[in-house]
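J.: Next comes the sequence, and after it the predicted model I'd like to discuss.
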Amino acid sequence: MTGPSATFGFKDVDPSAKPGLVRGVFDRVARRYDLMNDLMSGGVHRLWKDATAARLNPQPGEVIVDCAGGTGDMARRFARMARRAQERRGGADAKVFVIDYNAEMIAAGRERGFEPEIAWAVGDAQRLPLPDRSADAYVISFGIRNVTDVSQALREARRVLKPGGRFLCLEFSRPVTEALRKAYDAYSFKVIPGIGELVAKDRASYQYLVESIRRFPDQKRFAAMIGDAGFSRVEYTNFTGGVAALHTGRAI
């Protein structure tokens, strides 16, 4: 291969090929995506997502982008929280845009019913179908490592945010101790693909999952990328010893 490449698990692939490869993974896992998340994490992913939603603190009248929002589990959290705040003190309805590259994931989310605040769209994190400076907050949860050009996705997040808008990215990251890294690697490579094969009848997609996590930048490198994209006040919080991390920033 000549020229720049993109990562797909442990493989380096042509950037033009990665979107189709990732789409194939999520086409296959969409119907069992949330069940597999529960099984792989023992339900801990729900605590990480609850903490992310609490940090966002959605408010009435806000426009929130849930990028790579998949089946809408984060968007539903945001909608409920904004509605409770609205019931306490009034204000306009919040608007939560779930944007995901994979139509099968969007379809699986829509089948679960509708929250009045949520709008669904198939779209690319690198070319969001939204105007400049139109959103109060942008959240991407366990999706940015699947993007072909992560830096471009970060710049696009910055583009759609209003000045001072909130950026939150929840993603698998790097455990902070050697002992935890070894235990996590053993579990990831020996157990997770087996669960995928047993439950989702798809070992390869979950092999990709664990490999893609290892190729993603660690906490400090990713924080630097967020700063380079035009965000200030960049910080991160480790969850479960760094198995996942929440990165936050403000649009300049």
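T.: Great, that's in hand. Numbers count the residues shown, from 1 in each chain.
J.: what pLDDT does the residue lying closest to residue 239 once chain neighbours are set aside get?
T.: Counting by C-beta to C-beta, 6 or more residues apart in numbering, residue 48 is the residue found nearest to residue 239 once chain neighbours are left out, at 4.9 Å. All C-beta spots, glycine's among them, are computed from the backbone N, C-alpha and C. With respect to pLDDT, residue 48 scores 96.
J.: so what does whatever helix or strand residue 48 lives in touch, helix or strand wise?
T.: Here residue 48 sits within helix 44-56, counting by DSSP states H and E. Judged by 3 or more C-beta pairs under 8 Å, 6 or more residues apart in numbering; DSSP states H and E, the packing partners of helix 44-56 are helix 33-41, helix 73-89, strand 135-141, strand 161-172, strand 231-239, strand 244-251.
J.: how many degrees apart are the fifth one and strand 161-172 in direction?
T.: Going back to what we said before, that points to strand 231-239. 20 degrees (axes from the mean of the first three to the mean of the last three C-alpha atoms, to 10 degrees).
J.: before we move on, what about the third one?
T.: Between the axis of strand 135-141 and that of strand 161-172 there is an angle of 10 degrees, by the same axes, to 10 degrees.
J.: Show me what strand 135-141 is in contact with.
T.: With contact meaning C-beta atoms under 8 Å, 6 or more residues apart in numbering, strand 135-141 is reached by 49, 52, 56, 58-59, 62-69, 74, 78, 97, 125, 153, 157, 160-162, 165-171.
J.: do the longest one as well
T.: Contacts of helix 73-89 with the rest of the structure, by C-beta under 8 Å, 6+ apart, involve 34, 49-50, 52-53, 56-60, 62, 64, 66, 69, 91-94, 96, 98, 109, 115-118, 139, 141.
J.: Separate out the buried members of those.
T.: Buried subset of the contacts of helix 73-89 (neighbour count, 16 or more other C-beta atoms under 10 Å): 34, 49, 52-53, 56, 58-60, 62, 64, 66, 69, 94, 96, 98, 109, 115, 117-118, 139, 141.
J.: which SS class is the nearest residue to residue 125 once chain neighbours are set aside?
T.: Nearest in space to residue 125, with sequence neighbours left out and distances taken as C-beta to C-beta, 6+ apart, is residue 153 at 4.3 Å. What DSSP: H, G, I helix; E, B strand; the rest coil gives for residue 153 is helix.
J.: who touches the nearest residue to residue 145 once chain neighbours are set aside in this structure?
T.: Counting by C-beta to C-beta, 6+ apart, residue 145 lies nearest to residue 216, which is 4.2 Å off, once chain neighbours are set aside. Applying C-beta under 8 Å, 6+ apart, we find residue 216 in contact with 144-145, 171-173, 222.
J.: Could you do residue 226 as well?
T.: 154, 167, 169, 234, 247, 249.
J.: The last one: neighbouring residues, count only.
T.: Residue crowding around residue 249 was assessed by other C-beta atoms under 10 Å; the count is 26.
J.: give me the low-pLDDT residue ranges for the stretch 1-150 of the chain?
T.: 1-4, 25-27, 29-33, 35-36 (pLDDT under 70).
J.: how about a cut-off of 50?
T.: Applying pLDDT under 50 to the stretch 1-150 of the chain flags residues 1-2.
J.: State the distance from the spatially most central residue of the chain to residue 168.
T.: The residue lying closest to the centre of the chain (C-alpha atoms, centre = their mean) is residue 141, at 2.1 Å. Distance of residue 141 to residue 168, computed by C-beta to C-beta, to the nearest Å: 8 Å.
J.: before we move on, what about residue 233?
T.: 12 Å.
J.: more crowded one of these two?
T.: Of the pair residue 233 and residue 168, residue 168 is the one with more neighbours under other C-beta under 10 Å, namely 20 against 13.
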